[in-house]
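In: With the input below, show me the fold.
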Amino acid sequence: GSLASVMSSEDVLTHVEGLLQEGMVRIFHEKPANPTLFLAQWLAERAAKEGAAVGRTAELPTTAPLTAEREKVTAELKAAKAQNVELEEYLDSAISTMLESETALAEAEEAAQQGVRRALAAAQKEVEAAVAAGQQRVEAEVRAVVAQERRVEQTIKVMSKKQSALDMLRGIESEMGLSERPRESVAENGVAPQSEGEG
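Out: The predicted model follows:
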């Protein structure tokens, strides 16, 4: 049989790619003036050599190891893709959980801040109410003290007026001699002196 009947289409493609790579290496080393012509001639020579070897299938390299290796690599790639999918799903789940945790943490922090603000507002209201009540008590006490001072001042004024009147009466009595004479008359006669109209 021919080479094409022995090798599969994938093996043929691999074989041709190998020939082309080898030809490019020859072009790189020899640097011909016309690389295309050089590659064509080189491929023709290789084709002649491989054509002479047709029929000696025992000398052809077997492609079974390459096929097995390709299948192994393909299986590994599939497994890697499946593992990558699982990893992506795990990462998505972890990211979602982290976002949910961050959201819950932010909500808890906001709730705590609101609680603190409410507590501060309530405490401030209580302090303001206590201060207002204290101010009212102080103002009431101040008014009571002022009223008491006014009453004391009025009492002092009244007592001062009475004292002045009493001092005036005593002065008059002293000038007119009325303070001693009635006492003497009462002491001698036992009768209070009569006024001129009473005879």
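
In: Where does pLDDT dip in the protein?
Out: 1-7, 52-66, 178-199 (pLDDT under 70).

In: Quick one: the helices in it, in order.
Out: Per DSSP state H, the chain carries helices over the ranges 3-6, 9-30, 35-52, 64-176, 181-189.

In: could I get those helices as TSV with mean neighbour count?
Out: (Each C-beta comes from the backbone N, C-alpha and C, glycine too.) Below are these laid out as TSV (neighbours: other Cβ atoms under 10 Å):
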stretch	mean neighbour count
helix 3-6	12
helix 9-30	12
helix 35-52	12
helix 64-176	10
helix 181-189	11
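
In: Distance of the nearest residue to Pro35 once chain neighbours are set aside relative to Leu13?
Out: Excluding the flanking residues, the one nearest Pro35 by Cβ to Cβ, 6 or more residues apart in numbering is Ile27, at 5.0 Å. Between Ile27 and Leu13 the computed distance is 21 Å (Cβ to Cβ, to the nearest Å).

In: How about Glu175?
Out: Going from Glu175 to Leu13 by Cβ to Cβ gives 158 Å.

In: do Val85 as well
Out: In terms of Cβ to Cβ, Val85 sits 30 Å off from Leu13.

In: do Ala123 as well
Out: For Ala123 relative to Leu13 (Cβ to Cβ), the value is 84 Å.

In: Then Phe38?
Out: Taking Cβ to Cβ, one finds Phe38 at 23 Å from Leu13.

In: Repeat that for Leu19.
Out: 11 Å.

In: check contacts around Val138.
Out: Listed by Cβ atoms under 8 Å, 6 or more residues apart in numbering, the contact set of Val138 is empty.

In: ok, now Trp42?
Out: Neighbour list for Trp42: 23, 26 [criterion: Cβ under 8 Å, 6+ apart].

In: just use 420 as the starting number from now, easier for me
Out: Shifting the count to begin at 420 puts that one at Trp461.

In: My read is that the residue nearest to Pro454 contacts Leu458, right?
Out: Yes: look at Ile446 against Leu458 with Cβ atoms under 8 Å: they come within range, at 6.3 Å.

In: Quick check: the gap between Ser579 and Leu585.
Out: Applying Cβ to Cβ to Ser579 and Leu585 gives a distance of 11 Å.

In: ignore the last one, Gln533
Out: 77 Å.
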